[in-house]
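Student: Provided below for reference: sequence and predicted model.
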Amino acid sequence: MFFVIVDKIENFGTYLDLHKTFMRVFDFLKSNDLNKLACGHHIIDGDNLFVNIDAYTTQSVQRLEAHRRYIDIQMVLQGVEKMGYAHIGYTNPKSTYDEAKDIVFLDGNTDTLTVDATMFLIFYPQDAHMPALNVGNHPQQVKKAVFKVKIT
């Protein structure tokens, strides 16, 4: 199965049936202003669900990555960035899988899309992704929320 989900934030409720924990993400979104959360790691349900808030400057080159234990739900809160994506089957490992960090870095060609603060993306383990890319040649200041949803 390969599908990167890209949609408007107001449509997130459409995807609740895809995973039992997506309703918890939905509830969290309704009861919290993500822009007011400090950068860092925010536990929602132990290691089953948490959100990382980060602020950074986009760059012209990033690393392609994938995860095994978690689904990423990524939301740009401020700014705009490009994201690359590819099916993991069309990539090659560039590093060994780091189990503690649930990440492997990959080599491969990606398609890209531009993401702003009105959108969210869902990346499953087969969805390699390359976030935090410049739009054009212009670095952007970005604040982003990445919900980590445990697969099981």
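Tutor: That came in fine, so what should we check first?

Student: what does stretch 86-105 contact?
Tutor: Outside stretch 86-105, the residues that touch it by CB atoms under 8 Å, 6 or more residues apart in numbering are 2, 63-70, 106-111, 125-128. (C-beta placed from N, C-alpha, C; glycine too.)

Student: how about that stretch: buried residues?
Tutor: For stretch 86-105, the buried set under the neighbour-count rule, 16 or more other CB atoms under 10 Å, comprises 86, 88, 91, 102, 103, 104, 105.

Student: start and end of that stretch, how far apart?
Tutor: Stretch 86-105 has an end-to-end distance of 13 Å (criterion: CA to CA, to the nearest Å).

Student: go on, stretch 113-125?
Tutor: With CA to CA applied, stretch 113-125 spans 19 Å between its terminal residues.

Student: now do stretch 27-41
Tutor: End-to-end distance for stretch 27-41: 18 Å, by CA to CA.

Student: pull the contacting residues for the residue sitting furthest away from the middle of the chain.
Tutor: The C-alpha centroid of the chain is most remote from residue 137, which lies 22.2 Å away (CA atoms, centre = their mean). Residue 137 makes contact with residue 60, according to CB under 8 Å, 6+ apart.

Student: rewinding a little: so which of the contacts of stretch 86-105 are in strands?
Tutor: Under the assignment DSSP state E, these contribute 64, 65, 66, 70, 106, 107, 111, 127, 128 to strands.

Student: pick out whichever of those residues sits closest to residue 23.
Tutor: residue 70 (16.9 Å; CB to CB).

Student: secondary structure element for the closest residue to that closest one other than its chain neighbours?
Tutor: Among residues not flanking residue 70 along the chain, residue 148 sits closest, at 4.4 Å (CB to CB, 6 or more residues apart in numbering). Residue 148 belongs to strand 141-150 when assigned by DSSP states H and E.

Student: that strand pairs with which strands?
Tutor: strand 49-57 (antiparallel), strand 70-78 (antiparallel) (DSSP bridges).

Student: may I have that strand exported as PDB, CA atoms only?
Tutor: Extracted in PDB, the C-alpha atoms of strand 141-150 (Å, rounded to 0.1, in the frame of the first residue of the first chain):
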ATOM      1  CA  GLN A 141      11.400  30.100   9.100                       C
ATOM      2  CA  VAL A 142       9.100  27.200   9.900                       C
ATOM      3  CA  LYS A 143       7.300  26.000  13.000                       C
ATOM      4  CA  LYS A 144       6.000  22.400  12.700                       C
ATOM      5  CA  ALA A 145       4.100  19.800  14.700                       C
ATOM      6  CA  VAL A 146       4.800  16.200  14.000                       C
ATOM      7  CA  PHE A 147       2.400  13.700  15.700                       C
ATOM      8  CA  LYS A 148       4.000  10.300  16.200                       C
ATOM      9  CA  VAL A 149       1.300   7.500  16.200                       C
ATOM     10  CA  LYS A 150       2.500   4.100  17.200                       C
END
